[in-house]
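J.: the following block contains a protein sequence and its predicted model.
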Amino acid sequence: MRYISAKEVIKIQEKLIKRYGGSYGIREMNLLNSSIESVFQTFDGEELYPNILDKIIQISYSLIKNHCFIDGNKRIGIMILLYLLEINEVKHNLTNEDLIEIGLKVASGEMDKTNFKKIIEDNIR
């Protein structure tokens, strides 16, 4: 799997803010690092996120929920989802409308991680 660094996420977030508006800046760097590094967690010697899709879903969901940026957390979470799917050559059928709805529902608490994962998995080709 190809991963993404916190530095890369910050650069992408800055580009999103520049293009679509909002406030620049990181609210909590430790939450950003946690969102990205959480995919390496293990329990009793077993990976908690054993495959590429599990890892991508974890990073994206965490970026939305952790609110590590001052602004644009939904945008960056969804953009990183798309970016990681692309660089890992995972094809999907998600529309822009799907992605907007997913981002809003995750951020508001209407969609938990289980449902987020199911929607993403159901739209993988």
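T.: On my side now, so go ahead.

J.: what residue in the protein is the furthest from its centre?
T.: Note on the chain: the largest C-alpha distance from the chain mean falls to D44, namely 25.7 Å (C-alpha atoms, centre = their mean).

J.: next, give phi and psi for it.
T.: Dihedral angles of D44 (phi, psi; degrees, to the nearest 10) stand at phi 50, psi 40.

J.: per-residue pLDDT, it?
T.: D44 is assigned a pLDDT of 97 by the prediction.

J.: what's the separation between it and K117?
T.: Distance of D44 to K117, computed by C-beta to C-beta, to the nearest Å: 22 Å. Every residue, glycine included, has its C-beta placed from N, CA and C.

J.: same thing with I102?
T.: In this view, I102 and K117 are 11 Å apart by C-beta to C-beta.

J.: which one of these two is surrounded by more residues?
T.: I102 (24 against 17; other C-beta atoms under 10 Å).

J.: the one helix or strand that one maps to packs against which elements?
T.: Element membership for I102 (DSSP states H and E) is helix 96-108. In terms of contacts (3 or more C-beta pairs under 8 Å, 6 or more residues apart in numbering; DSSP states H and E), helix 96-108 is packed against helix 52-66, helix 73-87, helix 113-122.

J.: quick check: buried residues in that helix?
T.: By neighbour count with 16 or more other C-beta atoms under 10 Å, helix 96-108 contains the buried residues L99, I102, G103, K105, V106.

J.: format those residues as CSV; extra columns: pLDDT and distance to E89.
T.: Formatted as CSV, those follow (pLDDT from 0 to 100; distance: C-beta to C-beta, whole Å):
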residue, pLDDT, distance to E89
L99, 98, 19
I102, 98, 21
G103, 98, 23
K105, 98, 27
V106, 98, 24
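
J.: which of those sits closest to L85?
T.: Closest approach to L85 among the buried residues of helix 96-108 (C-beta to C-beta): L99, at 11.2 Å.

J.: if I look at that closest one, how far off is A6?
T.: L99 sits 22 Å away from A6, going by C-beta to C-beta.

J.: same question for K65.
T.: According to C-beta to C-beta, K65 and A6 sit 16 Å apart.
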